[in-house]
Every structure is written in C-alpha cells, then in structure tokens.
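[1] test case, fold it:
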Amino acid sequence: MLKEIGYVEVGQPFEGFLLIKSATKGVASNGKPFLTLILQDSSGEIEAKLWEATEEDEKTFTQEQIVKVAGDISQFRGKPQLRIQQIRPSQPTDGVRLQDFLAKAPVEVNQLEERLTEAIFEMENPNIQRIVRYFIKKYEKELFLFPAAVKNHHEYVSGLAHHICSMLNIARDLKHQYDDINQDLLYAGIILHDLGKITELSGPAAPNYTTEGKLLGHISIMAEEIGKAAEELSIEGEEVLLLKHMILSHHSKGEWGSPKPPLIREAEVLHLIDLIDAKMNMMNRALQKTKPGEFTERIFALDNRSFYRPVFEKKD
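    From the prediction side, this is the model:
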C-alpha cells in the first residue's frame, strides 16, 4: 500500500496521486519560470517545485487538478519538500476522486450536529437563541462542509463545525470553574464567530479567499449579518450589540484583524478559547505525524517552533 504524503519521511521516495491545492508561478535566478505547487491528500500537504515550467504546464497543473507524481522528499528551510521527477494529470481510468484527497474532521458530522443542537437547547435567552437558530438554518449545509481556515488550523472538510464544537466543549468546562460567565452569550459567540468564513472562503475543496473575503473579511461580514438578522427577526436590545462586539473583538488586537479589543468578560473568554483550540489543533496534528523522541516540523503559525514528542506518553 502506498504511503500517504503526510507520513513520507525526508530521504524517502514517493509515488502516487495528489491534489493540487494551489499553483503559483515564479521565475528562478536563471530567468526560467517554475511552478510552486502545494499538493495534498487526506493526510496533509507538501510543497513541490516544478522547474522550467512551460506555458502548457501552467495551463495543465492548476488548482483542484489531481496529478500522479513521482519523486523524493528533501528538506528546505526545516520543512519537507517534494522534489518532482515525473508528473502527469490523472486520467479517468485511474479511478481517483476529488473527495479522496480531502482531509476531514476526525468527528462524524452527525456528532457535530448533535453537539450544536445541544448547545442551542441549553440557551435560556430567547433573543440570543433565535439569532443563533436563524444562522444555523441559513447555513445548515455549508456549516458542516466548510473548513475553518485556508491553512494552519481546522483546514479540512467540516473543520468549521469541528472547531465550533471543540470550543463549545472548552466553554462548558470553563463555565463549571467560572460560574459568572454568561453561557448563552459565550455559546452564541462561539457558534457565530467564524460563520463569516462561509462567505470569506470559496469552499471545502482547495479553499481560497473570495473577493468579499479579501475586501471585507469574516469579522466584518458576520457583524453586519447579525445586524441584518436582528432587523429581520424584529429583535432589539443589548443582546444584539453584545453579539456584534463578540464577533468584532474575537481576534483581540487590531494587528490580528479585530477592529475592537474584548471589552466584556465573555468576549475575552471567547478569544482565549479560540486561541487554545486553534493552537492545540495545529500541535496535535503535527505531533501525530512525529515519532516519539523527535521534533515536529516547524509550525509557522506557532512562532515557527518545532515541538518535541516525548518518549514517555500517556497511554489510552
């Protein structure tokens, strides 16, 4: 059985089918064009260079194209890179499908749906509950398909719902420790905080940023949507204002994309839970591909650090 790309080690050969997540043209120091390909399967992704790329190559090897690749794994700036020796587009006779190359949430969709439903039923504030139900109904299909990001964390099919449900679980535990937290407001902020990514991103397969995503961003998109939903539902009151603030402040700082810092307790907690879940997702997925006693590859979004996987680990 062929090894998946996420588990091929530096120095090993690779031959198999991969999906082109992105293709970017560049020019080498010798003046010859090349393509930087980000290739993926369900286990992860890897960067590859196609040197001396022709115009025909540029037309052929494009985003969402499945290709058969042969080469070996080298290391560049602390990260593995696929050195391409042969590459061709897939053929119908190869029997490969797009969905086979997409990473998926490690939790079944029906379990994610149940956790969201449970959280909504726990809400006691009718205005908050009605607004959340409005958006769950509006995005009932996309919510359970879309990733939570283009890269770094939860960047896989159903990643958005997985991220939300993981955050809900953390929030439930925190509520036991800090009883003054307004659970309705925190749960609603968690469920709604990244829904703007359904407009910001192009879709679950090889996602890119849409025009709206580039010009507005998911934070502005969702804050505006909450206002429109409240108007449509004839909901007035402080809840609408607080929900907008939760969205606008969940990245915490202007340089991280938030127009406002958290100025209520639940907004601060939302930001911290968001950080915890995103960072744990990145670390855990990197450590799963790392042998005990070794370090992960550098994780750019975590200050470019490599994390050590201890030999002595808790056993299930």
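
[2] show me the contacts for the residue nearest to residue 294 when sequence neighbours are not counted.
    Spatial nearest neighbour of residue 294, chain neighbours left out: residue 309 (6.2 Å); criterion: C-beta to C-beta, 6 or more residues apart in numbering. Backbone N, C-alpha and C define where each C-beta goes, glycine included. With contact set as C-beta atoms under 8 Å, 6 or more residues apart in numbering, residue 309 has these partners: 287, 290-296.

[3] quick check: phi and psi on the residue of the chain most remote from its centre?
    Most distant residue from the mean C-alpha position of the chain: residue 30, 36.4 Å away (C-alpha atoms, centre = their mean). Per-residue torsions, residue 30: phi -90, psi 10 (degrees, to the nearest 10).

[4] distance of it relative to residue 51?
    10 Å (C-beta to C-beta, to the nearest Å).

[5] do residue 107 as well
    From residue 107 over to residue 51 (counting by C-beta to C-beta), the distance is 41 Å.

[6] before we move on, what about residue 302?
    31 Å.

[7] now stretch 229-249: buried residues?
    For stretch 229-249, the neighbour count (16 or more other C-beta atoms under 10 Å) marks 229-230, 235, 239-240, 242-249 as buried.

[8] in CSV, list these along with distance to residue 44 and pLDDT.
    Listed next are the buried residues of stretch 229-249 as CSV, based on distance: C-beta to C-beta, whole Å; pLDDT from 0 to 100:
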residue, distance to residue 44, pLDDT
229, 37, 97
230, 41, 97
235, 43, 96
239, 41, 97
240, 41, 97
242, 39, 98
243, 36, 98
244, 37, 98
245, 37, 98
246, 32, 98
247, 31, 98
248, 33, 98
249, 32, 97
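
[9] now, among those residues, which is nearest to residue 20?
    residue 247 (33.6 Å; C-beta to C-beta).

[10] hmm, the closest one is touching residue 193, no?
    Yes. Contact criterion C-beta atoms under 8 Å: residue 247 and residue 193 qualify, at 5.9 Å.

[11] what do those two both touch?
    Common neighbours of residue 247 and residue 193 (C-beta under 8 Å, 6+ apart) are residue 222.

[12] correct me, but residue 207 touches residue 147?
    Yes. Contact criterion C-beta under 8 Å: residue 207 and residue 147 qualify, at 5.8 Å.
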